[in-house]
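J.: sequence below, structure please.
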Amino acid sequence: KRQNRELCYVSYLDWIPSKREALSKYWSQLHLAVDKVGLELEEFAHECLMNIGNATEGSIKPYSNELLQQIRIFQGIPVTFDEIDSMDFGKVIDELIKFSYPSSFFVFENVRLNQWRNIAQHLSIIFKDELIVCTYGRPENRKEITLSGEALYAVTQKVFMTLRCLKLASTIFGID
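T.: Numbers count the residues shown, from 1 in each chain. Sure, this is the predicted structure:
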């Protein structure tokens, strides 16, 4: 607000419709959630990844975009809603990692949030014994991470906690 009061408020207002839609998607996902207890590993992993993909793309993205726009305003780099909204999610997360404290806020199990979204959207997983092997990254730079079911569930919980934190920060900012 101190840097550019008018642009700060206009950008906050610009994101309200996107955030409202994101919350609608969140509540739909919550009400349609399947109890994961008792699922076989393959079904369990698919349910967790579906939750991660839906939460990141449908709900976290508008809040992370809003945060990036506010950071840029603070830095004296005016940018429009459309410019931020059209950015690749990976680039948004890159900048948030660069300018956020702690920078690990958008990283779970050493994998960035946008890569978890990509793993989920492309179902880039295979199963080895009782483990889930997730692959991510561009073809020339493929990486993999091996997780237990419990570790994947912990990532799912962290993704939803990230959404809650971003939503709360946006709400507090709006009230302030």
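J.: how about the nearest residue to the residue nearest to the spatial centre of the chain, chain neighbours excluded?
T.: Per C-alpha atoms, centre = their mean, the C-alpha nearest to the average position across the chain is that of Thr56, at 3.7 Å. Among residues not flanking Thr56 along the chain, Arg117 sits closest, at 3.9 Å (C-beta to C-beta, 6 or more residues apart in numbering). No exception for glycine: its C-beta is placed from N, CA and C like everyone else's.
J.: same deal with Pro78?
T.: Leu7 (5.8 Å).
J.: and the strands in this protein?
T.: With strands called from DSSP state E, the chain shows them at 107-108, 111-112, 125-128, 131-136, 143-147.
J.: to Ala169, which of those lies closest?
T.: Closest approach to Ala169 among those is made by strand 107-108 (17.7 Å; C-beta to C-beta).
J.: run me through the strand neighbours of the closest one, direction for each.
T.: If you go by DSSP bridges, strand 107-108 pairs up with strand 111-112 (antiparallel).
J.: do you know how far the residue located most distally from the centre of the chain is from Arg164?
T.: Distance from the C-alpha centroid of the chain peaks at Asp129, with 29.0 Å (C-alpha atoms, centre = their mean). Distance of Asp129 to Arg164, computed by C-beta to C-beta, to the nearest Å: 34 Å.
J.: and Glu130, by the same measure?
T.: Going from Glu130 to Arg164 by C-beta to C-beta gives 30 Å.
J.: count of neighbours near Phe89?
T.: Per other C-beta atoms under 10 Å, the neighbour tally for Phe89 reads 17.
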